[in-house]
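Asks: whatever this is, show me its structure:
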Amino acid sequence: MNQDELKALVGQAALQYVVPDQIVGVGTGSTVNKFIEALASMKDQIKGAVSSSEASTARLKALGIPVLDSNEVVELAVYIDGADEINGQGHMVKGGGAALTREKIVAAQSKVFVCIADESKLVSVLGAFPLPVEVIPMSSARIIAQFASMGGQAQVRTKDGQALVTDNGQHILDVKGLQITDPVAFEAEVSQWPGVVTVGVFAYQKAHVCLLGTSAGVKTLKF
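Replies: Next up, the predicted model:
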C-alpha cells in the first residue's frame with residue numbers, strides 16, 4: 001500500500017471513535033482530509049465539528065458538516081488529528097501544516113485524542129522532523145538564538161518567497177537538529193519563552209490512541 005492508501009485506511013478506522021449525537025474535534029492535514037471524507041458518510045449522526053484550521057473548516061462545510069466555534073462548546077468527546085512524529089508514549093510533534101496552535105486548543109478541550117498516522121511517523125525520539133514553533137514575528141530573531149544555544153537550527157518558514165502567515169496572523173519557525181528526549185519538560189520550557197505562541201511538541205495534550213497505518217493493516221496503539 002502507498003502512503004495515500006494508508007492515510008485513507010486510518011481515516012476510515014477513526015470513524016469508530018466518533019461518538020454519535022456529539023460534536024467531533026477535527027484536525028488538519030493530508031491524513032485528516034481522508035478522515036473528513038470518511039466522516040461525511042455519517043454526518044447525519046453527529047451534531048457537527050470544531051475545526052483546527054480554515055482549511056479543514058472549508059472541507060467540512062463543503063461536505064455539509066456544520067462547523068461550530070470552539071467557544072460555543074464546553075467539551076468534545078473526541079479529537080481526531082494526525083502527527084508529524086509520534087513516540088511510544090503518545091507524545092507528538094505537530095505543525096507541519098502550520099495549524100499547531102488551534103490544534104492544541106481543540107485537543108485541550110477534548111476528552112480523547114486519537115492520532116491517525118502512517119507507520120513512518122512512529123519514532124523512538126522526537127526531533128528528526130523539523131519542530132514547528134508559532135511565534136509573534138517581532139520575537140523571531142531572539143527565539144532563533146535561543147534554539148541555537150540548545151543546538152537547534154531554526155528558520156522562518158516561507159511560502160512564495162515570503163514569511164508564511166498562520167491563520168492567527170503569526171509566523172512559524174522550523175527547528176532542525178533537536179533530540180527531544182523529555183517532551184514534557186521541553187514543552188514546558190519553550191512555551192514560557194516570550195514571543196512563543198505555541199510549540200509543536202504535544203506532550204501535555206498527548207494522544208490517548210494512535211491508529212497507525214501499516215502494510216499489514218491498521219495497528220492500534222494505546223497510551
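Asks: residues near Pro137, how many?
Replies: 13 (other Cβ atoms under 10 Å). The C-beta positions use only the backbone N, C-alpha and C, and glycine is treated the same way.
Asks: roughly how far does the nearest residue to Ala49 once chain neighbours are set aside sit from Val67?
Replies: Spatial nearest neighbour of Ala49, chain neighbours left out: Val26 (4.7 Å); criterion: Cβ to Cβ, 6 or more residues apart in numbering. Separation of Val26 from Val67 (Cβ to Cβ, to the nearest Å): 8 Å.
Asks: between those two, tell me which one has more neighbours.
Replies: Counted by other Cβ under 10 Å, Val26 and Val67 do not tie: Val26 has more neighbours, with 28 against 16.
Asks: bridged to the spatially closest residue to Pro66 that is not a sequence neighbour, which residues?
Replies: Of all residues not flanking Pro66 in the chain, Gly48 sits nearest, at 3.6 Å (Cβ to Cβ, 6+ apart). Under DSSP bridges, the beta-bridge partners of Gly48 are Ile23.
Asks: picking up where we left off before, what do Val26 and Val67 both touch?
Replies: Common contact partners of Val26 and Val67 (Cβ atoms under 8 Å, 6 or more residues apart in numbering): Ala49, Val50, Ser51, Leu60.
Asks: which one of those residues sits closest to Ala98?
Replies: Ser51 (14.3 Å; Cβ to Cβ).
Asks: for the closest one, phi and psi?
Replies: phi -110, psi 150 (degrees, to the nearest 10).
Asks: equivalent analysis for the one 5 residues further on, please.
Replies: The phi and psi values for Ser56, taken as degrees, to the nearest 10, are phi -70, psi -40.
Asks: can you tell me how far it is from Thr31?
Replies: In terms of Cβ to Cβ, Ser56 sits 12 Å off from Thr31.
Asks: report how many residues lie close to Ser124.
Replies: 8.
Asks: give me the number of residues near the closest residue to Met138 other than its chain neighbours?
Replies: Using Cβ to Cβ, 6+ apart and skipping the chain neighbours, the partner closest in space to Met138 is Gly195 (7.0 Å). Neighbour count of Gly195, defined by other Cβ under 10 Å: 17.
Asks: next: Met42.
Replies: Neighbours of Met42 using other Cβ under 10 Å come to 13.
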